[in-house]
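[1] Output the structure for:
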Amino acid sequence: MRNNLYACLLLAAIGYGCAQGPSASKPTTDVAKLSEAAPKYAETIKAADLSKHLHIIASDEYEGRNTGDKGQKMAAEYIAREFREDGLMGPVKSNSANPYYQTFDLQKSSWGEGHITIGKEKYLMMQDFFPYGSSAFSTEQAVEAVYVSDAAQVPSAKAQGKLIVTLLATPAEMQTKMRGFSAAAEEAKAKGVVYVMGAEPFRMMSERFAHRLKQPSVSRQGESTRAVNLIASPTVGAALLGTTADKLMASAQPASYTPASKVSILTERRSEPLSTENVLGYIEGTDKKDEVVVITAHYDHVGIDESLEGDKIFNGANDDGSGTVAVLEVAEAFAQAKKDGYGPRRSMLFMTVTGEEKGLLGSEYYSENPIFPLENTVADVNIDMIGRMDYTYEKTNDSNYIYVIGADKLSSELHKINEEMNQKYVNLKLDYTYNDENDPNRFYYRSDHYNFAKKGIPIVFYFNGVHDDYHQPSDEVDKINFESAEKVTRLAFHVAWELANRENRIVVDSNKK
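    As a prediction, the model looks like this:
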């Protein structure tokens, strides 16, 4: 043994050397060697490290990470520091102050004064009616009301520039009817829609939404003003339609009304710019560096609700602190592999995005202002809520699963890769319930991967489903199953590793809903 070692050292000294692995200065591009090395780096992703990160960013100190607020900024600093310490580059050349930040402005808005004047009577916003969504009446405007019982009748009602009035029989009807009427109103270029409820349902809805409506909302700057949705009491509805509240709510069949002739509306919206940032870490590839694989999670949540008693902070441990720390761990694993000379062949962009809770705003901004060309973006691996059990799996206390969404929508190869990596390395149950295009939850459209999919980029989305703590202050770190989160994170790593290091870029060969 000693003689063999001596001979080896002697050969190395004269320039031959023993069998050596790759190095950072001379990395391997051999697919087989890279595949063989993958488990070593996957094993660096540990439950304990996920827990360490999550106990920080989902702590009370980070104040629920509301978009643009102090806690979100603290989380951004933490993520950027982790990327830098792990050796990832900051790829945002336009930001000399911090190349890990893709900074942009959103619009922070709150409701101001509001009323509906009908004849000589004035009805107050947040008391007699409340807005739902945007405002087409930031200054007081006269408007003509028209009654429509069914969304399909909106075009024939000649609703352009008018205020559509319709009835909601029950609060449960709100989402389905509002969706249809909102779309029809937009198409008809109506000013808005007033949904009239019975007295008791209106009171219940007012209690449910009054506080939320007093809170500022966040949107993209320069968004076009859409048709406004107003939820109104039967008193307001009756005044608009020239009848009494009793007659209006007693009408079981569509009725004819003579709307009031003098109607004006004000729903003032006060806005100011709100700065926020996506946080990006980059690892340059070797022989295929112009192609990029993106790993995403959103790091924002919904902040603090001062109206609550007891715990007021929405820590968002599962949503989506869990995905954020998974991205950190996958990034660290790839960075270590690169230091050791094992790829990646394609470049890797690790991106935690802001503003997801406000409407996928951070990922939308990146998709419209990409740091790397979208045509060179191979795929997006998105992680949003892992390490918990949803209502279905809680029944059997089974944490060895993950919902997989979207992998087959644009690329049959991505779906196959996900299945193969899981079978080879992880052995989770892959549940495709929410991948069904007819699923009413429409989760495919509700996280950041969708802004990549809209641009024709294949995606895979990992999600543990919804539970009682979803969007509640009780979404705390102590409820996370870190062993489960570790398995999902390792699956994401193996899929990303295969995407980065395989010989051919995955095909885009499908266009499923």
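[2] switch to C-alpha atoms for all contacts and neighbour counts from now on
    Fine.
[3] quick one: contacts for residue 322?
    The contact partners of residue 322, by C-alpha atoms under 8 Å, 6 or more residues apart in numbering, come to 50, 54, 384, 385, 386, 387, 485.
[4] In PDB, could you pull the C-alpha coordinates for the lengthiest strand in the chain?
    If you go by DSSP state E, the chain has its longest strand at strand 263-283. Taking Å, rounded to 0.1, in the frame of the first residue of the first chain, the C-alpha atoms of strand 263-283 are listed here in PDB:
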ATOM      1  CA  VAL A 263     -76.800  58.000 -10.900                       C
ATOM      2  CA  SER A 264     -73.200  59.000 -10.100                       C
ATOM      3  CA  ILE A 265     -70.400  57.000  -8.600                       C
ATOM      4  CA  LEU A 266     -67.200  57.800  -6.800                       C
ATOM      5  CA  THR A 267     -64.800  55.000  -5.700                       C
ATOM      6  CA  GLU A 268     -61.600  56.900  -5.100                       C
ATOM      7  CA  ARG A 269     -58.300  55.000  -5.400                       C
ATOM      8  CA  ARG A 270     -55.100  56.500  -3.900                       C
ATOM      9  CA  SER A 271     -51.900  55.100  -5.200                       C
ATOM     10  CA  GLU A 272     -48.200  55.400  -4.600                       C
ATOM     11  CA  PRO A 273     -45.100  53.500  -6.000                       C
ATOM     12  CA  LEU A 274     -43.900  50.500  -4.000                       C
ATOM     13  CA  SER A 275     -40.400  49.100  -4.600                       C
ATOM     14  CA  THR A 276     -39.700  45.400  -4.400                       C
ATOM     15  CA  GLU A 277     -37.300  42.900  -5.800                       C
ATOM     16  CA  ASN A 278     -36.800  39.400  -7.200                       C
ATOM     17  CA  VAL A 279     -33.700  37.700  -5.800                       C
ATOM     18  CA  LEU A 280     -31.500  35.900  -8.300                       C
ATOM     19  CA  GLY A 281     -28.500  33.700  -8.000                       C
ATOM     20  CA  TYR A 282     -26.600  32.400 -11.000                       C
ATOM     21  CA  ILE A 283     -24.300  29.500 -11.800                       C
END
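[5] Now that strand: buried residues?
    263-269, 271, 273-274, 276-283 (16 or more other C-alpha atoms under 10 Å).
[6] got it, and stretch 214-232?
    Neighbour-count burial for stretch 214-232 [16+ other C-alpha under 10 Å]: 217, 218, 219, 220, 226, 227, 228, 229, 230, 231, 232.
[7] what's near enough to touch the nearest residue to residue 50 once chain neighbours are set aside?
    Closest residue to residue 50 apart from its sequence neighbours, by C-alpha to C-alpha, 6 or more residues apart in numbering: residue 325 at 5.8 Å. If you count contacts by C-alpha under 8 Å, 6+ apart, residue 325 has them with 50, 53, 54.
[8] Can you report how many residues lie near the last one?
    Number of residues near residue 54 (other C-alpha atoms under 10 Å) recorded here: 25.
[9] check contacts around it.
    Here residue 54 is in contact with 317, 321, 322, 325, 477 (criterion: C-alpha under 8 Å, 6+ apart).
[10] Redo these as TSV? Include secondary structure.
    Shown next, in TSV, are the contacts of residue 54 (DSSP: H, G, I helix; E, B strand; the rest coil):
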residue	secondary structure
317	helix
321	helix
322	helix
325	helix
477	helix
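[11] Take those residues and lay them out in CSV including distance to residue 63 and pLDDT.
    As requested, the contacts of residue 54 are exported to CSV (distance: C-alpha to C-alpha, whole Å; pLDDT from 0 to 100):
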residue, distance to residue 63, pLDDT
317, 12, 98
321, 13, 98
322, 16, 98
325, 17, 98
477, 14, 98
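[12] Check these and tell me the two furthest apart.
    325 and 477 (11.9 Å; C-alpha to C-alpha).
[13] So in terms of bridging, what pairs with the spatially closest residue to residue 237 that is not a sequence neighbour?
    Of all residues not flanking residue 237 in the chain, residue 196 sits nearest, at 5.6 Å (C-alpha to C-alpha, 6+ apart). On the basis of DSSP bridges, residue 196 is bridged to residue 167, residue 232.
[14] separation between residue 196 and residue 173?
    As judged by C-alpha to C-alpha, to the nearest Å, residue 196 and residue 173 stand 12 Å apart.
[15] who's more crowded, these two?
    Neighbour totals were compared for residue 196 and residue 173, and residue 196 leads with 25 against 11 (other C-alpha under 10 Å).
[16] Please list all residues in contact with the more buried one.
    165, 166, 167, 168, 231, 232, 233, 234, 236, 237.
[17] okay, now the domains of the protein?
    31-89+284-501, 108-272 (automatic domain parsing).
[18] Would you map the helices across the stretch 401-513 of the chain?
    Using DSSP state H, counting those that start in this stretch, the helices of the stretch 401-513 of the chain run over residues 412-421, 449-453, 482-501.
[19] Of all the ones you listed, which one is nearest residue 248?
    Comparison of the helices of the stretch 401-513 of the chain against residue 248 by C-alpha to C-alpha identifies helix 449-453 as nearest, at 42.3 Å.
[20] Give me the pLDDT for the residue nearest to residue 237.
    Per-residue pLDDT puts residue 196 at 95.
[21] can you check residue 206 too?
    The model's pLDDT for residue 206 equals 84.
[22] Would you mind writing the CA trace of the helix or strand harbouring it as CSV?
    In this structure, residue 206 sits in helix 199-214 according to DSSP states H and E. Extracted in CSV, the C-alpha atoms of helix 199-214 (Å, rounded to 0.1, in the frame of the first residue of the first chain):
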residue,chain,number,x,y,z
ALA,A,199,-79.9,42.1,3.6
GLU,A,200,-78.5,39.2,5.7
PRO,A,201,-76.0,37.9,3.1
PHE,A,202,-74.8,41.5,2.5
ARG,A,203,-74.3,42.0,6.2
MET,A,204,-72.2,38.8,6.4
MET,A,205,-70.2,39.7,3.3
SER,A,206,-69.6,43.2,4.7
GLU,A,207,-68.2,41.7,7.9
ARG,A,208,-66.0,39.4,6.0
PHE,A,209,-64.5,41.9,3.6
ALA,A,210,-64.7,45.3,5.4
HIS,A,211,-61.3,45.0,7.1
ARG,A,212,-59.6,43.6,4.0
LEU,A,213,-60.8,46.4,1.9
LYS,A,214,-59.4,48.9,4.3
